[in-house]
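Chemist: With the input below, show me the fold.
(2 chains)
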Amino acid sequence: MEWEINRREFLGVAAGAAAGMILPVSAMSAGIGGRDLRLGYVGVGNRGTQLLECMFKHEGIQVPAVCDINPKAAERASSIIDKARGKRPETYTKGPKDYLRMHQRDDLDAIIVAVPMPIQGPISAAAMRAGKHVLSEVAPAITLEQCWDLVQAAEQSGKTYMLAENVCYFRDMMMIQNMLAQGVFGKLTYAECGYIHDCRHLGFNADGSPNERAMMFITMIGNLYPTHAIGPVAQFLGINRTDRFVSLMAATSISAAASHYAAKRFGKNHPSARIKPRGGDMTNAFIKTGKGLLIELRFDMASTRPHPNPVQCLLQGTKAVYQADGRRIFIEGKNKGYDWESLENHAKEYEHPLWRKFANEAKGTGYGGADYFMTRTFVETLRTGAASPIDVYDAALWASIIPLSAASIQAGGKPQTFPDFMKGAKT
Amino acid sequence: MDCGINRREFMGTAAGAAAGMVLPEAVTAAGIAQRDIRLGIIGTGSRGQHLLRLFLRHKGTQVPAVCDIVPRRANQAAAGVARARGKRPETYTRGPEDYRRMLQRDDLDAVLVATPMQLHAVMSVAAMRAGKHVLSEVAAACTLDECWDLVHAVEETGQTYMLSENVCYVRECLMLKNMIEQGLFGKITYAECAYVHDVRFASFKPDGSLAWRGELHVDFIGNLYPTHSIGPVAQCMGINKTDRFATLVALMNRPECHALYAAERFGKDHPVTKTKWQAGDSCNALIKTVNGALIDIRYDSSSPRPVIRTTHYLFQGTKGVYLYDGSRIYIEGRSRRNTWEKSSRYQKEFEHPLWKTWGKQAGDSGLLGADYITTRIFLETLRAGTKAPIDVYDAVAWSSIMPLSAASIRAGGKPQTFPDFKNGAKTKTSS
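Modeler: The predicted model follows:
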């Protein structure tokens, strides 16, 4: 079967890419080369628009088509494209399935998917099946079925899929990646990560009713936004390359933050003051890896907590330890005494080569410049035909934390085994 | 009497802090109000001698007997007592069972147990059964059987048992408890606590053989030192008062760091490098309470990580959040929107009554001051005949995290149910 050959090639490349996972390494197939790259956008809300503007930082980008259920959003994107390239794209605004019509165009190389989380998986899979490469926003999927469907779509189509997990391209994360490649941490033993971000203010309509965004958080249980936290850690640990996720167990607290917030904002007698999300305010999970490492993963998007940096990360090796909170690092033999230092003290030696080269170009793009490096990597991947550095197996695995954490919570904390997405499509 | 006046002051304070578990509460038995309290010390290593010095700082204490397997240590302690009280205590140094001979004395009211962790339970039980009150160093026990033995010993003898969990009495922890009890955090939904302290140096004796900490990592798995982390959290969350630990899941990584350290310090050919380490470097556990709160507890005493503070706490409530690392706090309506502030801003307004009473004598805001208060409270508890503020049910609930985390790890992460030590024992006694 053709897709099996693709898969083998694919896995071969992935294995070779172990050390420098965030960058495309060797060519998988003929790339697009130097010609213009033609992109279609599905979803040009706030995030889609941000990714659109960022993409124009790169050379040779055309955007012939954009799609959004909101005609105003599509129009705004259209103007941005017109301004950047002197040509208006075609807009697809005829309802929630109009992206399928856009997928049928034969002048698109790739689709950028930046839609609400529950439909990112299906739209990405459809794009690949229509012969388009995909860059998908996070999380890529919310159920195991969607995860498998993405894997199958990528394997059957041979198209390139990349997850737009921009935290992997944060300056600090890339610096750590560079340190790891040089053996600074010794053997990795343990990691913590988390996404702690009070987003309650985004969850309500003006009349106090929960909005569409909030509904996912109210009706689903588990870690509902795992990739910003687990993405960088999975890459540090070489997950899907030299190690794998084996099992996960999760527990959640009671839910009290949403109702507290609603009561304060809309009054004690408002129905939202009695809102009862299925999941608790804080959901923690432990992941065990094949090499016996322990990863702790936290998720809380409701509790009252200042969040100057919503992404938590701690990486422990036998020779060094890094903690994102405070940008602290300790490297045995390099730090003075047995004390933390600022990561900045080591930037001169360990700044990632890409950041050294392109920090200026990245200025002004989203998330401290991370979006620049993330989109640049996607463009390079397509041009060279290299293996995607955050491929469909990574995406499916990271996203599967959503359903697996839910299953574990429902089973009272019982460990859940990760599906082996790389072993081949589910029969 | 001096101590009597102190006691009245003390009880007045306690009444003012009604919900305050760190203080002795209702009187359970006649106290030792009218005379000196006579203490015996089992274990006069560095920790035992430190606590002994504090007991000698307090008025109204006598130390007629000390015990240690190392005669030099017992003699050091005896000399200290002689200097402070003008009378040298009898020493018990005839091997590991000699403490039993000391327990037969009829001139001891209470015993301090400050031996290696593996011995705390058996010695505490023996002391109570010999009619002595007990202040035990942490952890209280290493196995569930030991936990039950402690509970039964207290219930059957009526002696007072207190766990010497000093972090509960650190000034900042006390303030926090006060704030939580006064509702500044709203409802507590989540807490984190951790003991992360690279003490590999203490796992080995100078010749490279294993010290008790090292032995723990060979003989046991799981969270091997849970009380410094869980103690303050349990007290702030009203565990065993208004809530209870329900279940626990745990996971650990592979042991790597002890072996590396041993090879580096003692050479690759030293016999200690052949040690089969069982406990992983890190053990993490999640505890669910009956009321639905979630507690995240971590243990790591071997990974190379600089100390921020050896313990770590996080309290998350509906109205506020506190982070021990950096002493950061955020209180809705008080703090600037979405901005951490220093917890010291609240120190004056929410100073704990206990610190108001003894802070000056305790002096240090950290563990030294906490040790002063711990030992002082134990004495006041005995004088007043009140319930111990950290009693045997607290001690075993906290210490049971060690065997329960091990059981969960062995079962591949399966949830373990906490024994209901309080009610379970009651049923047992009445049946």
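Chemist: The lowest-mean-pLDDT helix or strand in chain A: what's the following helix or strand?
Modeler: Every helix and strand of chain A was ranked by mean pLDDT, DSSP states H and E. The lowest is helix A:2-16, at a mean of 35. Once helix A:2-16 ends, the next helix or strand along the chain (criterion: DSSP states H and E) is strand A:37-42.
Chemist: State the mean pLDDT of that next one.
Modeler: Averaged over strand A:37-42, pLDDT sits at 98.
Chemist: Could I get the CA-only coordinates of the following helix or strand past that strand as CSV?
Modeler: Downstream of strand A:37-42, the first helix or strand assigned by DSSP H and E is helix A:46-55. C-alpha atoms of helix A:46-55 as CSV (Å, rounded to 0.1, in the frame of the first residue of the first chain):
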residue,chain,number,x,y,z
ASN,A,46,-8.1,36.9,15.8
ARG,A,47,-5.6,34.0,15.7
GLY,A,48,-6.0,33.3,12.0
THR,A,49,-5.4,36.9,11.2
GLN,A,50,-2.4,37.0,13.4
LEU,A,51,-1.0,34.0,11.5
LEU,A,52,-1.9,35.6,8.2
GLU,A,53,0.0,38.8,8.9
CYS,A,54,3.0,36.7,10.3
MET,A,55,3.1,34.6,7.1
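Chemist: since we're on the closest residue to chain A within the stretch 1-150 of chain B, how many residues are nearby?
Modeler: Taking CB to the nearest CB, chain A has its nearest neighbour within the stretch 1-150 of chain B at B:Leu144, 19.2 Å off. For every residue, glycine as well, the C-beta is placed using N, CA and C. Neighbourhood size, B:Leu144 [other CB atoms under 10 Å in any protein chain shown]: 20.
Chemist: okay, it: pLDDT?
Modeler: Predicted confidence (pLDDT) for B:Leu144: 98.
Chemist: Where does pLDDT dip in the chain?
Modeler: Unless you meant another one, I'm taking chain A. A:1-30, A:424-427 (pLDDT under 70).
Chemist: Chain B is the one I meant
Modeler: If you take pLDDT under 70 as the line, chain B has these spans: B:1-30, B:425-431.
Chemist: can you do 80?
Modeler: Residue ranges of chain B with pLDDT under 80: B:1-30, B:424-431.
Chemist: Can you find which helix in it contains the most residues?
Modeler: helix B:367-384 (DSSP state H).
Chemist: Follow the chain on from that helix and name the next helix or strand.
Modeler: Next element after helix B:367-384 (DSSP H and E): helix B:392-399.
Chemist: Not counting the next helix or strand after that following helix itself, show me its contacts.
Modeler: For helix B:392-399, the following helix or strand on the C-terminal side (DSSP H and E) is helix B:401-410. Outside helix B:401-410, the residues that touch it by CB atoms under 8 Å, 6 or more residues apart in numbering or on different chains are B:139, B:141-144, B:147, B:220-226, B:230, B:248-252, B:283, B:285, B:287, B:297, B:414-416, B:418.
Chemist: other SSEs contacting the longest helix of chain B?
Modeler: For helix B:367-384, the elements it packs on are helix B:2-16, strand B:37-42, helix B:46-57, strand B:133-136, strand B:161-163, helix B:353-362, judged by 3 or more CB pairs under 8 Å, 6 or more residues apart in numbering or on different chains; DSSP states H and E.
Chemist: These: which one's closest to B:Trp212?
Modeler: Closest to B:Trp212 of the helices and strands packed on helix B:367-384 is helix B:46-57 (CB to CB; 11.4 Å).
Chemist: other SSEs contacting the closest one?
Modeler: So helix B:46-57, by 3+ CB pairs under 8 Å, 6+ apart, packs with strand B:37-42, strand B:61-67, helix B:71-85, strand B:110-113, helix B:367-384.
Chemist: for those, which one sits closest to B:Arg200?
Modeler: Evaluated over the helices and strands packed on helix B:46-57, closeness to B:Arg200 peaks at helix B:367-384, with 20.4 Å, by CB to CB.
Chemist: C-alpha coordinates for the closest one, CSV please?
Modeler: This file holds the C-alpha atoms of helix B:367-384, laid out as CSV (Å, rounded to 0.1, in the frame of the first residue of the first chain):
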residue,chain,number,x,y,z
LEU,B,367,12.7,26.6,60.8
LEU,B,368,14.6,27.6,63.9
GLY,B,369,11.8,29.7,65.2
ALA,B,370,9.4,26.9,64.1
ASP,B,371,11.3,24.4,66.2
TYR,B,372,11.0,26.7,69.2
ILE,B,373,7.3,26.9,68.8
THR,B,374,6.9,23.2,68.1
THR,B,375,8.7,22.2,71.3
ARG,B,376,6.9,24.9,73.3
ILE,B,377,3.5,23.8,72.1
PHE,B,378,4.3,20.2,73.1
LEU,B,379,5.1,21.3,76.6
GLU,B,380,2.0,23.6,76.8
THR,B,381,-0.1,20.7,75.6
LEU,B,382,1.2,18.5,78.4
ARG,B,383,0.8,21.2,81.0
ALA,B,384,-2.8,22.0,80.0
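Chemist: Go through that helix and flag the buried ones.
Modeler: The neighbour-count check on helix B:367-384 (16 or more other CB atoms under 10 Å in any protein chain shown) flags B:367, B:369-384 as buried.
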